[in-house]
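*Asks:* Have a look; sequence and predicted model below, questions after that.
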Amino acid sequence: MKKWKVISPLVFIVLWQVLASAGALGKGVPSPVQVVQGLYQLTVTGFPPGYKLLGDILSSLARVLLGFGIAVVLAVPIGILMGWSSWFDVVLDPIVEALRPIPPLAWLPFALVWFGLGYLSAAFVIFLGVFFPVVLNTVAGARSVDPYLEEAARTLGADRRTILLKVIVPGSLPSIFTGVRIGIGVGWMTLVAAELIGVKNGYGLGYMIMNAGEVARFDYVVGGMVVIGLIGFLMDRAIKYAEKRLLKWR
Amino acid sequence: MVRKSTRWTKLALSAVTVAAVVVALSIPLGGCGGPSGQTRVVRIGTLKNDLHQVAFYIAQQKGFFEDQGLDVREGGVFSAGPEEMSAFSAGDLDMGYVGTAPAVTFKGQNMADVKIVAQANTEGSAIVVRNGLEANDVAALKGSTIAIPGNSTVQDYLLRTALKKAGISDKDVNIIVVKPPEMLPALASSQIDAAVVWEPYPSMIVAQKAGRVLLTSAKIWPNHPCCMLVADSTFLKKNPDTVRRVVAAQVAATKFIQQNPQESADMAHLYTGQPVDVARAAMKDIKFNYTPDEKGIQRYVEFLKANGVVKIGSVGTFMDNLMYTVYLPGGG
């Protein structure tokens, strides 16, 4: 089984190289070799010249983590409350459900007005992408806690606060982790949109991808895509690992 | 008697059918009656709400395309030049009004094979600064954040030229990309100190009191290239006479603008939805002339090559391949 983990990406890359070299992928679609060359130039020279890849990575990482962090910190308590108390659910559900389908991109003009061109405006757009999947999964998790467990805790003399912290929250954790993993993925997905308004420091993976695309440097575009894919993959693995450690009791 | 007549009818019918097939086959595909089978249907791409291609609106309105026997179809209205160039590489456009930058970068990257057949306009950009910024010349922009519409655009080059003239290194300013529609709110909220952008944005920014014009591009680089009329190389090869006619309509429309600036500005207002005063102010700063300045374009291509954004071999060969102005008056 384990060898397939290596074989499948290799087959994908070889197939991509063959198809791109044969011109079967369409005009301007770079091959893996060209992408690696592009990544090298991005690392050494940068695009625009002087703005190197490492700066793009660090800036985007900061924006994603900021938006993601705020989203999780707000979404988990709100989700627990909605899942646990029907009053909160009645009050908040219509608002959450009405805001959820709005594409984060639609908020761009307001992101600029509220947060300017700094880290916060991009983090806000990313926040919008991350918040909803985490809320919904947390709600589902809190609701899935076995009512008998809650009942048992109550008979043992636990108050509401203790039940919430000792029964509901731990019981929701597996679902919360699912939400967080979906959320971080969506966070990276909204990155290009988030950096579309412009970034004050001139660094960003999404910003670079957009600018390179406008001058038809698709080797840089795909290079940026590969970097986002790799970071997203590593973060997902890190969360999975944390989940395994934290949920040993299961 | 009855039988005989049926046979004759059958014979006549088959004769007609055969004749019809022969006629149908002899008409070339896509043929709309031009000489040697050249199509008269042209799909022309334009940019959304853009004032540089006013000649296109005027040619439509005044019937200059029809005068040339053309059937001009809206090939697509694009929010930006790179999208329009992608439509060229997808084979969805025959001709288009587009900025020099996307035309040159996409051609340089072998993404779209187009040729410049006429010019839409020159000049018409400006450096605008936010309110409250105490700057009376470019030298005063030292240390400020300046927005350009895209890396390697003509505006990027204009800014670097102006900075150089003022004796400032481009390391002394923070140059970032902000899309033109976002420049106004970014200036108004002091997120950026200055922006270099094409009309109608400078006039809009002034009209909405979000900033003021520091320097028009005419003063940075007189007669600098801006928007062009381009043709897909394959379309040009197949339908040279059709392209010649579109160029003739472009020339007629440009002459009309030169002779009737007021009426043209009012028509621009109708087509782009810009307020009348914005359209009039913007059109004053745009120079409409149909003959491109090859030396100016070459200067810009050399800039692109120097900063390594576009991989071009010989600039001379590239220019020969790019320019095709034989259909312009005095061209050839």
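*Replies:* Alright, I've got the coordinates. Not measured: the values here are computed from a predicted model.

*Asks:* from what I can see B:Ala101 touches B:Ile148, true?
*Replies:* No: using CB atoms under 8 Å as the test, B:Ala101 is too far from B:Ile148 to be in contact (10.7 Å). In short, each C-beta sits where N, CA and C put it, glycine included.

*Asks:* Mind checking what secondary structure B:Arg43 has?
*Replies:* Recorded secondary structure, B:Arg43: strand (DSSP: H, G, I helix; E, B strand; the rest coil).

*Asks:* Excluding chain neighbours, give the residue nearest to it in space.
*Replies:* Nearest residue to B:Arg43, sequence neighbours excluded (CB to CB, 6 or more residues apart in numbering or on different chains): B:Gly75, at 3.4 Å.

*Asks:* did I read that right, the one you found in a helix?
*Replies:* No: counting by three-state DSSP, one finds B:Gly75 to be strand, located in no helix.

*Asks:* so who does it touch?
*Replies:* The contact partners of B:Gly75, by CB atoms under 8 Å, 6 or more residues apart in numbering or on different chains, come to B:Arg43, B:Ile44, B:Gly45, B:Thr46, B:Ala87, B:Asp92, B:Leu93, B:Asp94, B:Met95, B:Gly96.

*Asks:* tell me the contacts of the closest residue to chain A within the stretch 1-150 of chain B?
*Replies:* Residue nearest to chain A within the stretch 1-150 of chain B (CB to the nearest CB): B:Gln109, separated by 3.8 Å. B:Gln109 makes contact with A:Gly28, A:Val215, A:Ala216, A:Arg217, A:Phe218, B:Val310, B:Lys311, according to CB under 8 Å, 6+ apart.

*Asks:* quick one: which of these is nearest B:Leu70?
*Replies:* Proximity of the contacts of B:Gln109 to B:Leu70 was ranked by CB to CB; the top entry is A:Ala216 with 29.8 Å.

*Asks:* So, low pLDDT: which residues of chain A?
*Replies:* Of all residues in chain A, those with pLDDT under 70 make up the ranges A:250.

*Asks:* out of the contacts of B:Gly75, which are inside strands?
*Replies:* Of the positions in the contacts of B:Gly75, B:Arg43, B:Ile44, B:Gly45, B:Thr46, B:Met95, B:Gly96 sit in strands, assigned by DSSP state E.

*Asks:* Which one (most neighbours) among those residues?
*Replies:* Among the ones in strands among the contacts of B:Gly75, B:Gly96 has the most neighbours (other CB atoms under 10 Å in any protein chain shown), with 30 neighbours.

*Asks:* What residues does the stretch 151-300 of chain B have near chain A?
*Replies:* Within the stretch 151-300 of chain B, the positions adjacent to chain A are B:151-152, B:174-179, B:182, B:185-186, B:189, B:191-192 by CB under 8 Å from any CB of the partner chain.

*Asks:* Tell me which two in the residues you listed are the farthest apart.
*Replies:* Greatest spacing in these, by CB to CB: B:Ser152 and B:Ser189 (27.0 Å).

*Asks:* what about those two, which has more around it?
*Replies:* Applying other CB under 10 Å to B:Ser152 and B:Ser189 shows that B:Ser152 carries more neighbours, namely 25 against 16.

*Asks:* Let's verify that one: helix, strand, or coil?
*Replies:* Here B:Ser152 is recorded as coil under three-state DSSP.

*Asks:* I'd like to know how many residues surround the closest residue to it other than its chain neighbours.
*Replies:* Excluding its sequence neighbours, the residue lying closest to B:Ser152 (CB to CB, 6+ apart) is B:Val309, at 4.6 Å. Neighbourhood size, B:Val309 [other CB under 10 Å]: 24.

*Asks:* quick one: terminal-to-terminal distance for stretch B:173-190?
*Replies:* For stretch B:173-190, the first-to-last residue distance is 16 Å (CA to CA, to the nearest Å).

*Asks:* Check the model's average confidence along it for me.
*Replies:* Stretch B:173-190 shows a mean pLDDT of 91.

*Asks:* Same question for stretch B:78-89.
*Replies:* Stretch B:78-89 shows a mean pLDDT of 92.

*Asks:* now do stretch B:294-309
*Replies:* Averaged across stretch B:294-309, pLDDT comes to 91.

*Asks:* Give the buried residues for that stretch.
*Replies:* For stretch B:294-309, a neighbour-count test (16 or more other CB atoms under 10 Å in any protein chain shown) marks B:Gly296, B:Ile297, B:Gln298, B:Arg299, B:Tyr300, B:Val301, B:Phe303, B:Leu304, B:Lys305, B:Val309 as buried.

*Asks:* Columns distance to A:Val36 and secondary structure on top of those, output as a markdown table?
*Replies:* Formatted as a markdown table, the buried residues of stretch B:294-309 follow (distance: CB to CB, whole Å; DSSP: H, G, I helix; E, B strand; the rest coil):
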| residue | distance to A:Val36 | secondary structure |
| --- | --- | --- |
| B:Gly296 | 37 | helix |
| B:Ile297 | 34 | helix |
| B:Gln298 | 33 | helix |
| B:Arg299 | 34 | helix |
| B:Tyr300 | 31 | helix |
| B:Val301 | 28 | helix |
| B:Phe303 | 28 | helix |
| B:Leu304 | 24 | helix |
| B:Lys305 | 24 | helix |
| B:Val309 | 19 | coil |
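
*Asks:* And these, which is closest to B:Ala139?
*Replies:* The closest of the buried residues of stretch B:294-309, once distances to B:Ala139 are taken by CB to CB, is B:Phe303, at 21.7 Å.

*Asks:* Specify the local secondary structure of the closest residue in space to that closest one that isn't next to it in sequence.
*Replies:* In this structure, B:Phe303 finds its nearest non-sequential neighbour in B:Tyr157, 5.1 Å apart by CB to CB, 6+ apart. The three-state label for B:Tyr157, taken from three-state DSSP, comes out as helix.

*Asks:* Would you check that B:Val98 makes contact with B:Met228?
*Replies:* Yes: counting by CB under 8 Å, B:Val98 touches B:Met228, with 6.4 Å between them.

*Asks:* out of those two, which sits in the more crowded spot?
*Replies:* Set side by side, B:Val98 and B:Met228 show more neighbours around B:Val98, with 33 against 27, by other CB under 10 Å.

*Asks:* List the contacts of that one.
*Replies:* Residues counted as contacts of B:Val98 (CB under 8 Å, 6+ apart) are B:Gly45, B:Leu47, B:Gly81, B:Glu84, B:Met85, B:Cys227, B:Met228, B:Val230.

*Asks:* Give me the spatial nearest neighbour of the first one, chain neighbours excluded.
*Replies:* Spelled out, it's B:Gly45. B:Gly96 (3.5 Å).

*Asks:* For that neighbour, give me its contacts.
*Replies:* Neighbours of B:Gly96 in contact, by CB under 8 Å, 6+ apart: B:Ile44, B:Gly45, B:Thr46, B:Gly75, B:Glu84, B:Ala87, B:Phe88, B:Val114, B:Leu229, B:Val230.

*Asks:* before we move on, what about B:Ala265?
*Replies:* B:Val276, B:Ala279, B:Arg280, B:Met283.

*Asks:* Show me which residues of chain A are close to chain B?
*Replies:* Residues of chain A lying close to chain B by CB under 8 Å from any CB are A:27-28, A:45, A:47-49, A:108-109, A:112-113, A:116-117, A:196-202, A:207, A:210-211, A:213-218.

*Asks:* Could you measure from B:Arg245 over to A:Gly179?
*Replies:* Counting by CB to CB, to the nearest Å, the gap from B:Arg245 to A:Gly179 is 61 Å.
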